[in-house]
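Peer 1: sharing a sequence plus its predicted fold:
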Amino acid sequence: MKKLTFILTALFLISSPVLAKGKKADSEQFSCNDGKRTCKDMDNCDDAKFHLHQCGMKKLDRDRDGVPCESICG
């Protein structure tokens with residue numbers, strides 16, 4: 001039982017920095033100050049989701065269903 005606990009703890013500690021790096025990379029990939037204002041400006045669905053949720057650009061979700069830029073993410 002101690003071995004199992006040790007192994008699970010080790011796996012958790014190893015995976016934590018990997019998960020943190022992934023989140024950091026996403027936040028560095030997009031910016032609210034990049035001049036993008038419309039769906040035509042977005043590079044992909046993740047870009048549009050970032051601008052909707054993190055930057056508060058509600059006009060990207062015209063039908064207010066939580067999905068921005070239906071032409072890209074629909």
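Peer 2: Nice, thanks for sending it over.
Peer 1: for the record, mean pLDDT for the helix or strand encompassing Leu8?
Peer 2: According to DSSP states H and E, Leu8 maps onto helix 2-29. On average, the pLDDT along helix 2-29 is 63.
Peer 1: ok, now stretch 49-61?
Peer 2: pLDDT averaged over stretch 49-61 gives 96.
Peer 1: if you count neighbours, what's buried in it?
Peer 2: 49-52, 55, 57, 60-61 (16 or more other C-beta atoms under 10 Å). Placement of C-beta: from N, CA and C, glycine included.
Peer 1: hmm, who's touching it?
Peer 2: 26, 30, 32, 36-39, 42, 48, 64, 67-69, 73 (C-beta atoms under 8 Å, 6 or more residues apart in numbering).
Peer 1: hmm, try it at 10 Å
Peer 2: 26-27, 29-34, 36-39, 41-42, 44, 48, 64, 66-70, 72-73 (C-beta atoms under 10 Å, 6 or more residues apart in numbering).
Peer 1: sorry, back to before: restricted to helices, list the buried residues of stretch 49-61.
Peer 2: Among those, the residues falling in helices (DSSP state H) are 49-52.
Peer 1: can you redo these as a markdown table with distance to Ala10?
Peer 2: Conversion of those to a markdown table gives the following (distance: C-beta to C-beta, whole Å):
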| residue | distance to Ala10 |
| --- | --- |
| Lys49 | 34 |
| Phe50 | 34 |
| His51 | 39 |
| Leu52 | 38 |
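Peer 1: just those residues now: which is nearest Ile14?
Peer 2: Phe50 (28.1 Å; C-beta to C-beta).
Peer 1: any idea how far Phe12 is from the closest one?
Peer 2: Phe50 is 28 Å from Phe12, where distance means C-beta to C-beta, to the nearest Å.
Peer 1: now do Gly66
Peer 2: From Gly66 over to Phe12 (counting by C-beta to C-beta), the distance is 32 Å.
Peer 1: what sits against Gln29?
Peer 2: 43, 46-47, 50.
Peer 1: what subset of these is buried?
Peer 2: 47, 50.
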